[in-house]
Structure formats: C-alpha cells, structure tokens
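Chemist: no sequence for this one, just the structure:
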C-alpha cells in the first residue's frame with residue numbers, strides 16, 4: 001500500500017467533496033441538536049464576562065425559575081434559542097472541511113509549501129463560510145457570522161495542522177519524541193483505522209481549541225458586539241472595554257463551554 005503524503009490533510013477526500021459536505025451538514029445539525037445548551041452557556045459566560053458557576057446561575061435564574069418563583073423545567077428548551085443557529089451550524093460545517101481542503105489542494109498542486117498554505121487557506125475558507133452563512137441565515141445571524149471569521153480562522157488553522165501532525169506521527173514516530181508520546185502512538189496504531197481517525201480528530205480539536213487564544217478572544221468580542229451593539233459599536237472599542245474591565249481573562253470567558261462544544265462537535269462530525 002502506498003504511503004500517505006505527509007503534506008496532505010488527513011481527510012477521506014476520495015469519497016468526494018459532496019460526501020464531505022453532506023457529512024459536515026449532518027454533523028453540524030447533530031451538534032446543534034445535542035450540544036446547543038453548551039453553546040448557550042458559552043454565550044452567557046461571554047455576555048456577562050463571568051465564570052462557569054455564575055453563568056450557570058444566570059441561565060437557571062432566567063429560564064428555570066418562573067416569575068412567581070416556581071420551578072420551570074420546560075424552560076430548559078430555551079437553551080436551544082435562537083433556532084436559526086441550526087441553519088447556521090449546518091451550513092458552517094457543511095462548508096468548513098470541503099472548502100478548506102479544496103483550497104489547500106489547489107495551492108499544494110500549484111507548488112506552494114504546505115506550511116505557507118496553512119497560513120492563509122483558513123482565512124479564505126472562513127471568509128467563504130461567512131459569506132455563505134450570511135446568504136442563508138439572514139440578518140439575525142449576519143453580524144455574528146462576520147465577527148466569527150477571526151475565531152474560525154484561528155480554529156481552522158490549528159485544527160488542520162494538529163490533525164495533520166498527529167496523523168503523520170502515527171505513520172512515523174517523530175525523532176526525539178518523549179516516551180509517553182511514543183507509547184500513545186503505539187496504542188493509536190492498535191486501533192482500527194476508523195476509530196483511530198476519530199480519536200485523532202478528537203485530539204486535534206482539543207489541542208486546536210485550548211491552545212489557540214485568538215479562538216476565544218474573537219468569540220468574546222463577537223458575542224458582546226452582537227448582544228449589545230449600542231454599548232459595543234466597534235471592534236477596537238470592544239477590545240479596549242474588555243481589557244479595561246476584565247483584563248486578559250475577559251477574552252477567554254466561555255472557553256470551557258465552547259471547547260467542549262467544538263471538540264464533541266468535530267468528533268461527531270467526522271464520526272458521522
């Protein structure tokens with residue numbers, strides 16, 4: 001069997017880009033239906049620039065307790081608002097991988113170095129995702145989709161690069177790798193190909209999410225500008241306000257919720 005090109009992105013492109021897009025759409029839809037409450041918690045944490053405990057308290061006080069102080073378990077369904085996010089997530093994930101891989105392949109065939117390509121392909125694909133998302137989800141998501149481009153660029157770049165690195169490491173152990181990493185690679189090689197690919201996706205999503213500061217910084221800025229455009233009318237003004245009121249930690253709010261949401265979403269996407 002021919003060895004895999006170490007410069008290629010490790011996705012099943014032989015199945016065709018339409019299949020990748022369909023799987024992306026199914027994954028995005030599934031992620032929304034099963035994990036939207038995590039996204040709502042992320043939004044709450046970033047909206048109020050607060051930690052996990054306070055965000056959960058705000059969510060419970062707002063939706064799980066009625067005006068007369070009674071317990072309202074059906075309020076849990078409000079965590080799935082706005083419903084247009086279902087369309088946004090479906091479109092976003094249907095485009096993310098096919099578009100990025102298609103652009104990557106075009107530039108790689110043109111003779112550009114793989115590292116150089118990964119420097120700007122995520123930006124191009126994120127811009128494409130934003131424009132298509134705007135066209136299909138309308139005004140309610142328009143601003144959020146545009147502001148999410150910074151976040152998408154950071155995450156796409158780190159996710160694709162980590163996934164490629166890990167797949168290459170499984171094919172050939174990196175020189176000078178620590179003992180624990182070598183043992184982990186041996187364990188991964190013992191898995192069948194589908195389970196191995198799913199686990200590597202999970203690891204790449206985890207590393208790409210929690211080691212990319214701009215991923216969460218862009219998300220915090222986007223949330224505040226989208227929630228209250230009067231108080232936060234500009235990008236630079238929002239950055240200054242977050243910094244002056246909350247410091248560096250203000251740009252990382254909601255990272256736990258968003259991280260789990262992205263990791264499980266990416267893993268279910270490629271599992272499907």
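Modeler: Perfect, I can see it now. In this text the structure is predicted, and so the values were computed from the model without any measurement. Numbers count the residues shown, from 1 in each chain.
Chemist: Now the helix or strand where residue 87 lies: buried residues?
Modeler: Residue 87 belongs to helix 84-109 when elements are defined using DSSP states H and E. In terms of neighbour count (16 or more other C-beta atoms under 10 Å), helix 84-109 has its buried residues at 85-105, 107-108. From N, CA and C alone the C-beta is placed, and that goes for glycine too.
Chemist: Next: stretch 171-191.
Modeler: If you call a residue buried by 16+ other C-beta under 10 Å, then stretch 171-191 has these buried ones: 184-185, 188.
Chemist: what do you get for stretch 34-49?
Modeler: For stretch 34-49, the neighbour count (16+ other C-beta under 10 Å) marks 35-49 as buried.
Chemist: got it, and stretch 50-62?
Modeler: Residues 50, 55, 58-59 are the ones in stretch 50-62 that count as buried (16+ other C-beta under 10 Å).
Chemist: What is the most widely separated pair among these?
Modeler: Greatest spatial distance among the buried residues of stretch 50-62 (C-beta to C-beta): 50 and 59, at 11.0 Å.
Chemist: Which neighbours do those two have in common?
Modeler: Residues within reach of residue 50 and of residue 59 at once, by C-beta atoms under 8 Å, 6 or more residues apart in numbering, are residue 44.
Chemist: Determine which two of the buried residues of stretch 34-49 are furthest apart.
Modeler: Spatial extent of the buried residues of stretch 34-49 (C-beta to C-beta) is set by the pair 35 and 49 at 22.6 Å.
Chemist: How about residue 25: what's its closest non-neighbour residue?
Modeler: Nearest residue to residue 25, sequence neighbours excluded (C-beta to C-beta, 6 or more residues apart in numbering): residue 94, at 3.9 Å.
Chemist: what's the distance between the one you found and residue 204?
Modeler: Separation of residue 94 from residue 204 (C-beta to C-beta, to the nearest Å): 20 Å.
Chemist: for residue 216, same thing?
Modeler: Per C-beta to C-beta, residue 216 is found 17 Å from residue 204.
Chemist: pLDDT weak spots in the stretch 51-200 of the chain?
Modeler: 82-85, 97, 111-154 (pLDDT under 70).
Chemist: all strands for it, in order.
Modeler: Under the criterion DSSP state E, counting those that start in this stretch, the stretch 51-200 of the chain contains no strands.
Chemist: Show me where it has its helices.
Modeler: Counting by DSSP state H, counting those that start in this stretch, the stretch 51-200 of the chain has helices at residues 52-59, 84-109, 114-137, 139-171, 179-189, 193-210.
Chemist: thinking again about what came up before, now the buried residues of stretch 171-191 in a markdown table, with distance to residue 75?
Modeler: Below are these laid out as a markdown table (distance: C-beta to C-beta, whole Å):
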| residue | distance to residue 75 |
| --- | --- |
| 184 | 43 |
| 185 | 47 |
| 188 | 43 |
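Chemist: Quick check: of those, which lies closest to residue 248?
Modeler: In terms of C-beta to C-beta, no member of those lies closer to residue 248 than residue 184, at 31.6 Å.
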